[in-house]
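S.K.: heads up, no residue letters with this:
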């Protein structure tokens, strides 16, 4: 693995890394062309954008910025295949080394609790301070939420009947289980804020029939995900 | 408290001057040109709502229609941003009315959920909870401050600019002539205030009116965070000594808490 400064020709590969990570995450924003155009134009990050390369392929990237000595690690992302390798910690270490060369007054990073980079950043920068900012989500329309859930569950090849309030929807042929819950719980599960097993234990999610097969099918529809949004607004 | 006729509608470019004032009162330095630029940005669809009281832009809420990805599947979300109310119109429920209208518009577009980012210490968090924002996840901040006095100087440079543009705070800049000592086992800094703003110098300079002592991390965490400031003082991690009125104002300056 080699870490080097990002070149303009790496930009499309960086987008692909972000998209690959988003495919196994809950919460990242869809980034359109205009987002990336603005991102590459940011002068504060000149010389502080890095990529990690393995066998000539970009497998991760780190974006840093420096504003009069106040430096920040904006984003460290790698392909899911590189989980458990030294790509993540290597990128964090190298971006901090380069930021330090800019006569840094301070290093900062802002991450959601589910960010894959958070443990490495905590190790390299400092333990996170007590939380003072929070992401909040609420249901606007339960029917639309059910439709969203069905689209996500279809991608997970789930075979479930979902009951939310008075609404019911089925995904897959011959549902193996009926899962009932409140709309808020469904939103929390979809966004990776709630954990399926904990919700079942707390009886906020009910699975019928009460068999191991049904429970396993329901669990497969809501695998553990932890919310991670890189772009606060 | 001023009363008047309240109109809620979408903002136009002609509201930019009024919006800049509202944003300054809530978020710090900003200009009408900056608001116009933001209104013209086309990175995603948005609704900027304003509440006018007798024709004056008094409060605003922005809805950004964005897509969250769950396993790569895009889900629309109504992202709430820029909730701000002009100083003299606070406490009248304008932001709540705007939020209700924002949620109505999100629902009308067939969007299933609404999301936002906010601070634990902000009073607005109670409004959001009441409106049904039940799902929460913390946002973590990591800091390694290598040159504490330079960092504090940067923070106070920004505070000076913010306070010059904010009515309640401007009054403090004009009249508050106290010397504050920040002291930790590793470094100390003296902060003074004149009409233009704050000056930060390293070390102890003269006899301080207010002294704040404690470990570096507890002092850094108190910046911009009333809850952290109060918790640190209550637990004795940080000791703040000085005349009560001066300490109260120092707390407001440090935490940027101007709502009480």
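M.R.: Great, that's in hand. Just so we're clear, the structure is a prediction, and the values are computed from it rather than from any experiment. Numbering: from 1, shown residues only, chains lettered A, B, ... in the order given.

S.K.: tell me, how many neighbours does the closest residue to residue A:193 other than its chain neighbours end up with?
M.R.: Closest residue to residue A:193 apart from its sequence neighbours, by C-beta to C-beta, 6 or more residues apart in numbering or on different chains: residue B:135 at 4.7 Å. (Glycine included, C-beta is placed from N, CA and C.) Counted with other C-beta atoms under 10 Å in any protein chain shown, the neighbours of residue B:135 add up to 23.

S.K.: how about the helices of chain A, start to end?
M.R.: A:11-22, A:33-41, A:87-100, A:118-124, A:142-155, A:183-190, A:196-201, A:212-221 (DSSP state H).

S.K.: Report the inter-axis angle for the fifth one versus helix A:183-190.
M.R.: This means helix A:142-155. 30 degrees (axes from the mean of the first three to the mean of the last three C-alpha atoms, to 10 degrees).

S.K.: Work out the gap between helix A:142-155 and the centre of the chain.
M.R.: Offset of helix A:142-155 from its chain centre (C-alpha atoms, centre = their mean, to the nearest Å): 19 Å.

S.K.: Which neighbouring elements make contact with it?
M.R.: Under the contact definition 3 or more C-beta pairs under 8 Å, 6 or more residues apart in numbering or on different chains; DSSP states H and E, helix A:142-155 sits against strand A:160-164, strand A:167-171, helix A:183-190, strand B:73-85.

S.K.: Give the buried residues for the lowest-mean-pLDDT helix or strand in chain A.
M.R.: Taking mean pLDDT, DSSP states H and E as the measure, helix A:33-41 is the helix or strand of chain A with the lowest mean score, a mean of 87. Applying a neighbour-count criterion of 16 or more other C-beta atoms under 10 Å in any protein chain shown, one finds residue A:39 buried in helix A:33-41.

S.K.: now swap in stretch A:96-107 and tell me
M.R.: Here stretch A:96-107 shows A:96, A:98, A:99, A:102, A:104, A:105, A:106, A:107 as buried, counting by 16+ other C-beta under 10 Å.

S.K.: from those residues, which is closest to residue B:130?
M.R.: residue A:106 (36.5 Å; C-beta to C-beta).

S.K.: what's the burial count for residue B:137?
M.R.: 23.

S.K.: Pull up the residues of the stretch 151-260 of chain B that are close to chain A.
M.R.: B:151, B:154, B:217, B:220, B:221, B:224, B:225, B:227, B:228, B:231 (C-beta under 8 Å from any C-beta of the partner chain).

S.K.: Narrow those to those in helices?
M.R.: Those of those lying in helices (DSSP H): B:151, B:154, B:217, B:220, B:221, B:227, B:228, B:231.

S.K.: Identify the spatial nearest neighbour of residue 96, chain neighbours not counted.
M.R.: By default, I'm working from chain A. Once flanking residues are discounted, residue A:96 sits nearest to residue A:124: 5.6 Å by C-beta to C-beta, 6+ apart.

S.K.: Chain B, not that one
M.R.: In space, residue B:96 is closest to residue B:127, 5.4 Å off (C-beta to C-beta, 6+ apart).

S.K.: just to revisit the earlier point, max pairwise distance over the residues of the stretch 151-260 of chain B next to chain A: which two?
M.R.: B:154 and B:231, at 24.3 Å, using C-beta to C-beta across these.

S.K.: Quickly compare the helices and strands packed on helix A:142-155 and say which is most buried.
M.R.: Ranked by mean neighbour count, those are led by helix A:183-190 with a mean of 25 (mean count of other C-beta atoms under 10 Å in any protein chain shown).

S.K.: I'd like the next helix or strand past the lowest-mean-pLDDT helix or strand in chain B.
M.R.: Lowest by mean pLDDT, DSSP H and E among the helices and strands of chain B is helix B:167-175, with a mean of 83. Next helix or strand after helix B:167-175 toward the C-terminus (DSSP states H and E): strand B:179-183.

S.K.: tell me the average confidence for the following helix or strand past that next one?
M.R.: Where DSSP H and E defines the elements, the next helix or strand beyond strand B:179-183 is strand B:188-194. Average pLDDT, strand B:188-194: 95.

S.K.: Give the buried residues for strand B:188-194.
M.R.: B:188, B:189, B:190, B:191, B:192, B:193.

S.K.: Which residue ranges make up each domain of the chain?
M.R.: Going with chain A. A:2-124, A:142-221 (automatic domain parsing).

S.K.: nope, chain B please
M.R.: B:6-130, B:148-255.

S.K.: quick one: terminal-to-terminal distance for the longest one?
M.R.: Distance between the boundary residues of domain B:6-130 (C-alpha to C-alpha, to the nearest Å) amounts to 22 Å.

S.K.: Check the last one too.
M.R.: Terminal residues of domain B:148-255 lie 17 Å apart, using C-alpha to C-alpha.

S.K.: Then stretch B:198-210?
M.R.: 15 Å.

S.K.: For that stretch, the averaged confidence score.
M.R.: Rounded mean pLDDT across stretch B:198-210 is 95.

S.K.: about what we covered before: wait, which of the helices of chain A is closest to residue B:251?
M.R.: With C-beta to C-beta as the measure, helix A:118-124 is the member of the helices of chain A nearest residue B:251 (29.1 Å).

S.K.: In that closest one, which residues are buried?
M.R.: A:118, A:120, A:121, A:122, A:124.

S.K.: and residue B:22, how far is that from residue B:81?
M.R.: 13 Å (C-beta to C-beta, to the nearest Å).

S.K.: near chain B, anything from the lengthiest strand in chain A?
M.R.: Longest strand in chain A, counting residues (DSSP state E): strand A:57-67. No: for strand A:57-67, no contact with chain B is found by C-beta under 8 Å from any C-beta; the gap never falls below 9.1 Å.

S.K.: Closest to the centroid, which residue in chain B?
M.R.: Closest residue to the average C-alpha location of chain B: residue B:27 at 4.8 Å, with C-alpha atoms, centre = their mean.

S.K.: What sits closest to that residue if chain neighbours are left out?
M.R.: Nearest one to residue B:27, counting by C-beta to C-beta, 6+ apart, is residue B:84 at 6.5 Å.

S.K.: mind checking pLDDT for the one you found?
M.R.: Here, the pLDDT recorded for residue B:84 equals 93.

S.K.: pretty sure it contacts residue B:26?
M.R.: Yes: assessed by C-beta atoms under 8 Å, residue B:84 is found in contact with residue B:26 at 3.5 Å.
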